[in-house]
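Engineer: no sequence for this one, just the structure:
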């Protein structure tokens, strides 16, 4: 990426941490669970993953709500 900056001074600085965050974001967007992201990132616990990336999981709450709403007619009542 340093080469890109040499040819384009407007190219933003990208640190390795930025790439990790992007990888986690893409995994979450693809439907990865917190546990899967935890293993992918090599973090000690899923709780740590949620602490670091919680805002990324929250972005999908609307989609979850829509899926649950679509399933409401399929619920079996005892």
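Structural biologist: Looks like it arrived, so ask away. Model, not experiment: these values are computed from the prediction.

Engineer: hmm, who's touching stretch 48-55?
Structural biologist: The contact list for stretch 48-55 (C-beta atoms under 8 Å, 6 or more residues apart in numbering) reads 21, 24-25, 28, 34-35, 37-38, 41, 43, 57. Where C-beta positions appear, they are placed from N, C-alpha and C, glycine not excepted.

Engineer: cutoff 10 Å now
Structural biologist: Residues outside stretch 48-55 that contact it (C-beta atoms under 10 Å, 6 or more residues apart in numbering): 20-21, 24-25, 27-28, 33-41, 43, 45, 56-57.

Engineer: in it, what counts as buried?
Structural biologist: With burial defined by 16 or more other C-beta atoms under 10 Å, the residues of stretch 48-55 counted as buried are 49, 52-53.

Engineer: would a markdown table of these with pLDDT, secondary structure and distance to residue 68 be doable?
Structural biologist: Converted to a markdown table, the buried residues of stretch 48-55 look like this (pLDDT from 0 to 100; DSSP: H, G, I helix; E, B strand; the rest coil; distance: C-beta to C-beta, whole Å):
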| residue | pLDDT | secondary structure | distance to residue 68 |
| --- | --- | --- | --- |
| 49 | 86 | helix | 23 |
| 52 | 83 | helix | 26 |
| 53 | 80 | helix | 22 |
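
Engineer: Any chance of TSV for those residues, columns distance to residue 65?
Structural biologist: Shown next, in TSV, are the buried residues of stretch 48-55 (distance: C-beta to C-beta, whole Å):
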residue	distance to residue 65
49	22
52	24
53	20
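
Engineer: Between those, which sits nearest residue 16?
Structural biologist: Comparing these against residue 16 with C-beta to C-beta places residue 52 closest, at 14.8 Å.

Engineer: I am finished for the moment; much appreciated.
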